[in-house]
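Undergrad: fold the following, please.
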Amino acid sequence: MLLEVTPEQYKSLYRDLERQRYLKNLDDYYNPISLNELKNDKSMLIKANVDVFKIVETGMLLESLENALNQLNEQEMFIINALFFEQKTDTALARETGIPRSTITSRKIKILKKLKSIIEK
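TA: Numbering: from 1, shown residues only. Model (predicted):
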């Protein structure tokens, strides 16, 4: 048994069905939590795999690294920036600056030791 509908009614029904499908896809993607679930199961808010101490320790290490980097002179900072932040190799930096690769490597080692001693203070 078929029911005849106007094109507007069909479009409205189809639009609603598409909207429901779209919202279901969003739910599947974002996996939302309802307020009722939250009231019933408060343990959902606590993530067991989060190590707060590790997060704090990492933050403190990053802060001391930033302080140590601020104590480097301009040439040392240039080398560290190129090698570690721009991820250039010793050879590429040597070609770019005209400084021998062995000199770049020895300066890098010296700078890293300096940073380590500053951080350990």
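Undergrad: and residue 21, what element?
TA: Using DSSP states H and E, residue 21 sits in helix 7-30.
Undergrad: outside of that helix, which residues touch it?
TA: Residues outside helix 7-30 that contact it (CB atoms under 8 Å, 6 or more residues apart in numbering): residue 5. Just so you know, the C-beta spots here come from the backbone N, C-alpha and C atoms, and that holds for glycine as well.
Undergrad: state the distance from the nearest residue to residue 68 once chain neighbours are set aside to residue 65.
TA: Spatially, and ignoring its direct neighbours in sequence, residue 68 is nearest to residue 118 (4.0 Å; CB to CB, 6 or more residues apart in numbering). Remark: distance between residue 118 and residue 65 (CB to CB, to the nearest Å) = 9 Å.
Undergrad: residue contacts, the residue nearest to residue 68?
TA: For residue 118, the contact set (CB under 8 Å, 6+ apart) comprises 64, 67-68, 71.
Undergrad: by neighbours, which of those residues wins?
TA: In terms of neighbour count, residue 68 stands highest of the contacts of residue 118 at 17 neighbours, by other CB atoms under 10 Å.
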